[in-house]
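Q: A predicted structure for the sequence below; I have some questions about it.
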Amino acid sequence: MLMARKIKRFFSVELIIFLCLILTLALSVIFFVLNIEHYDYIIETNAFFAPFEYYSNREIKGVDVDIVNRVAEKMDKTIQLKNVEFDVIIDNVSDGIIADAGAAGLTITEPRLQKVDFSIPYYTSVQYVIFSQTNLPNIHNNYLVWEDLAGKTLGSQTGCTGYLFMSDEVDSGVLEGTDTKIKGFDSHQIAADAISAHLIDYAIADELAAKFIVEKNPNLAALPLYYSGTDGMPDEPAEESYAIAVNKNRPELLSAINEVLTEMLEPGEDGKSEIDKLILKHMGLTDE
Ligand code: GLN
């Protein structure tokens, strides 16, 4: 009876402590062998969106990378910047275990706000249409309107705002019933390559991404995409604000990001903010 109680006690306390120790030791050995580093925060990006993020010599560089590094410095924390598919970033940040934040030229949108918090905005963009110089669209006034894309095959990076707006117009907007087709691609560059490969007629992408791609592909050109004005109103593009997406349970990370962005958006003596200068630098327009 006494023996049985002793055995039971051994199993319930000592064994658990012993097993915990073994587990900790085993995990330490695994982490050491696999060289798994611990980071305070994991921030996801999609490094195919120059000038905000792009690969250079196997390293991710860009405006968002500079912002994130500044946040790490300010918080005195370690941050791992991870390259993932664009389309998973918001859900991973919302989950909070896979990622704490997302820095990927992300536009603030209502559906995304349901899932994540956004920092203060740090850049304003509009959508552009990329097309081939040998298959020019009907151009008026240096811009296109959505109606100009009717009956064409359009492409965009899956899950980005260009893709979402394009789907909206085709499903229930001005392109509904016009036999306009849409295709999704893994990146804006791949969508642009699909024009040259005659898989699509036009690609839709954010302004700077479109300009960056066109700069490097002389057979392509790009123009802004406007919404036609109704009731005598002028045609206008829809402006989008970029911000950093943060998990809803990381207020300390969100406020550090906001502090850093506030500093970096402050105009200097030349009227340009640090963000303005970083954009020029990462577009390859300055050597700084
Ligand atoms: N600003 C766009 C969006 O949030 C595109 C961002 C990107 O392609 N990295 O959907």
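A: That came through fine.
Q: residue contacts, residue 229?
A: Residues near residue 229 by Cβ atoms under 8 Å, 6 or more residues apart in numbering: 235, 236. C-beta: built from backbone N, CA, C; applies to glycine.
Q: if we go to 10 Å?
A: With contact taken as Cβ atoms under 10 Å, 6 or more residues apart in numbering, residue 229 is in contact with 145, 235, 236.
Q: need the residues of the stretch 51-200 of the chain near the ligand, please.
A: 86, 104, 105, 106, 107, 157, 160, 161 (Cβ under 6 Å from any ligand atom).
Q: let's see 5 Å
A: Listed as neighbours of the ligand in the stretch 51-200 of the chain under the rule Cβ under 5 Å from any ligand atom: 104, 105, 106, 107, 160, 161.
Q: what's the helix or strand for the residue most central in space within the chain?
A: For the chain, the residue nearest the mean C-alpha position is residue 104 (2.5 Å; Cα atoms, centre = their mean). Under DSSP states H and E, no helix or strand contains residue 104.
Q: wait, it sits on residue 53?
A: Yes. Between residue 104 and residue 53 there is a contact at 6.5 Å, judged by Cβ atoms under 10 Å.
Q: overlap in contacts of those two?
A: 45, 46, 47, 62, 64, 83.
Q: Would you tell me which one of those comes nearest to the ligand?
A: residue 46 (5.4 Å; Cβ to the nearest ligand atom).
Q: Might one say that the closest one is in contact with residue 189?
A: No. Residue 46 is beyond contact range of residue 189, at 11.3 Å (criterion: Cβ under 10 Å).
Q: Now for these two: what residues contact both?
A: With Cβ under 10 Å, 6+ apart, residue 46 and residue 189 have common neighbours residue 157.
Q: who's more crowded, those two?
A: residue 46 (27 against 21; other Cβ atoms under 10 Å).
Q: The closest residue to that one other than its chain neighbours: neighbouring residues, count only.
A: Leaving out its chain neighbours, the residue that sits closest to residue 46 by Cβ to Cβ, 6 or more residues apart in numbering is residue 86, at 3.9 Å. Using other Cβ under 10 Å, residue 86 has 24 other residues around it.
Q: can I see the domain layout of this structure?
A: The record's domain split for the chain, according to automatic domain parsing, is 41-124+242-282, 127-238.
Q: which stretch among the ones you listed comes nearest residue 24?
A: Closest of those to residue 24 is domain 41-124+242-282, at 20.6 Å (criterion: Cβ to Cβ).
Q: roughly how far is the closest one from the heart of the chain?
A: Relative to its parent chain, domain 41-124+242-282 has a centroid offset of 8 Å by Cα atoms, centre = their mean, to the nearest Å.
Q: quick one: terminal-to-terminal distance for it?
A: Domain 41-124+242-282 has an end-to-end distance of 25 Å (criterion: Cα to Cα, to the nearest Å).
Q: pLDDT weak spots in this structure?
A: When residues are selected by pLDDT under 70, those of the chain lie in 1-11, 28, 30-36, 285-288.
Q: okay, now residue 209: neighbour count?
A: 29.
Q: next structured bit after the strand or helix carrying it?
A: Taking DSSP H and E as the criterion, residue 209 maps to helix 207-216. For helix 207-216, the following helix or strand on the C-terminal side (DSSP H and E) is strand 220-226.
Q: what is the orientation angle of that following strand with helix 207-216?
A: 160 degrees (axes from the mean of the first three to the mean of the last three Cα atoms, to 10 degrees).
Q: Direction included, what does strand 220-226 pair up with?
A: Here strand 220-226 has these sheet partners by DSSP bridges: strand 127-132 (antiparallel), strand 144-145 (parallel).
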